[in-house]
Every structure is written in structure tokens, then in C-alpha cells.
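[1] Sequence first, then the predicted structure:
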Amino acid sequence: METAQLYQGLTFLAYSTGIIVILVGVMLVKVLFDVSKLTRNIDETTTIVKTELEPTLKNLNKSVEIVSGMIIKADAGVQKVKEFISKTPLKLFGQLSKLTGKAAKGFFGGLCSAFKYFAKK
């Protein structure tokens, strides 16, 4: 009787193992199908992005070149103005503002000292 029960248990184990192997195989086929579908979608997406991105990058490069040229021209203009101001008497006004700033600072400093001195008495 023990042998019959052993054979019955082994038969059940064999059937259940077969069913599990079949289920795992079906799931593996489904996963492989989904992965192949995903790779096709990724390939299509990268193709679309590539075709759309190339003209955009060309336009961006042209825009950068135009802006760069404008910056170079503006910088040259600023240099010309600086040179013109350094050659004219207008440069004295720049130095005059430095002098008046120092004089005003000294004046207000002295005024504050006087107020402090008279406030103590």
C-alpha cells in the first residue's frame, strides 16, 4: 500500500511540475512578445525625434551665430565709445565724481562728529 501512495504522490508531483513549466513558458513568451513590441516602439520614437531634432538644431545654430555677431558688433561699439571718452575732456567728469564722492564722505563724517561732540555736552 505504501508503494501505491508513493506512486500516486510522484504522479501528482510530475503533473503539477508539468503544469508549472507550461505556465512559466507561456508567461515567458508573453514577456518576450511585450519586449519586442517595446523595442519597436522605442525605435519608431527615436526615428521621429531624430527627424524633428535636426532642423531645430540647425535653426538654433543660425540663431546663435546671429546673436554672437550682434554681441561682437556691440562690444566693438562700446570699445569705440570708451576710447572716445578717454580722448575727450569728458574723462575729467569721471574723476570729478570720484573727488566729490570722497569730499561728501568727509563732509558728512565731520558733520556727524560735530553732532556727537555737541550731543555729549
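    Yes, it's here.
[2] Return stretch 5-21 as CSV; C-alpha atoms alone will do.
    Taking Å, rounded to 0.1, in the frame of the first residue of the first chain, the C-alpha atoms of stretch 5-21 are listed here in CSV:
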residue,chain,number,x,y,z
GLN,A,5,0.7,6.0,-2.3
LEU,A,6,4.3,6.8,-3.3
TYR,A,7,3.5,6.3,-7.0
GLN,A,8,0.3,8.5,-6.6
GLY,A,9,2.4,11.3,-4.9
LEU,A,10,5.1,11.1,-7.6
THR,A,11,2.4,11.2,-10.3
PHE,A,12,0.8,14.3,-8.8
LEU,A,13,4.2,15.9,-8.4
ALA,A,14,5.0,15.2,-12.1
TYR,A,15,1.7,16.6,-13.3
SER,A,16,2.0,19.8,-11.1
THR,A,17,5.6,20.3,-12.3
GLY,A,18,4.5,20.0,-15.9
ILE,A,19,1.7,22.5,-15.4
ILE,A,20,4.0,24.9,-13.7
VAL,A,21,6.6,24.6,-16.5
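[3] Quick one: mean pLDDT for that stretch?
    Across stretch 5-21, pLDDT averages out at 93.
[4] ok, which stretches of the chain are helices?
    Residue ranges of the helices in the chain, as given by DSSP state H, are 2-87, 90-120.
[5] Now tabulate the ones you listed in JSON lines and tack on mean neighbour count.
    To be clear about C-beta, it is placed using only N, CA and C from the backbone, and glycine gets the same treatment. Shown next, in JSON lines, are the helices of the chain (neighbours: other Cβ atoms under 10 Å):
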{"stretch": "helix 2-87", "mean neighbour count": "10"}
{"stretch": "helix 90-120", "mean neighbour count": "10"}
